[in-house]
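Peer 1: No letters, just coordinates:
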């Protein structure tokens, strides 16, 4: 355990989050709001989801509608489009003092 905790603010850019993880050789870090409360955590898999985003599919035939994606797919798609720690993070962390 360490007392020198590295954290990201909610609006920290994607590249800065990646630099913090790589520079400190850590697999994840907490995301704090403006009141210094932990609101989530960003880990290497969250960054991977961002980097592995799929290109948009070809436009479907006119009148065709895709079924609504399940919630998990919508969360993965949102992480793929995220530009800040707040968008990349996994929310609602369990914290202890």
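Peer 2: Here it is on my side, so go on. Note that this is a predicted model, so its numbers are computed, not measured.
Peer 1: Tell me where the protein has strands.
Peer 2: Along the chain, counting by DSSP state E, strands occupy 8-9, 28-32, 38-43, 90-91.
Peer 1: Quick one: closest of those strands to residue 22.
Peer 2: For these, the distance to residue 22 is smallest for strand 28-32, at 11.4 Å, taking Cβ to Cβ. Backbone N, C-alpha and C define where each C-beta goes, glycine included.
Peer 1: neighbours around residue 16, how many?
Peer 2: Neighbourhood size, residue 16 [other Cβ atoms under 10 Å]: 14.
Peer 1: got a list of what it touches?
Peer 2: residue 8 (Cβ atoms under 8 Å, 6 or more residues apart in numbering).
Peer 1: cool, and the one 4 residues further on?
Peer 2: The contact partners of residue 20, taken as Cβ under 8 Å, 6+ apart, are 6, 8, 26, 29.
Peer 1: if I look at it, how far off is residue 73?
Peer 2: Remark: distance between residue 20 and residue 73 (Cβ to Cβ, to the nearest Å) = 28 Å.
Peer 1: Please apply the same query to residue 97.
Peer 2: Note on residue 97: its distance to residue 73, by Cβ to Cβ, is 36 Å.
Peer 1: so what's the residue most central in space within the chain scoring on pLDDT?
Peer 2: For the chain, the residue nearest the mean C-alpha position is residue 88 (1.3 Å; Cα atoms, centre = their mean). For residue 88, the model assigns a pLDDT of 86.
Peer 1: returning to that earlier point: so between residue 97 and residue 73, which is more surrounded?
Peer 2: More crowded of residue 97 and residue 73, by other Cβ under 10 Å: residue 73, with 10 against 2.
Peer 1: What is the burial count for the closest residue to residue 47 other than its chain neighbours?
Peer 2: Once flanking residues are discounted, residue 47 sits nearest to residue 18: 5.8 Å by Cβ to Cβ, 6 or more residues apart in numbering. When neighbours are counted by other Cβ under 10 Å, residue 18 registers 16.
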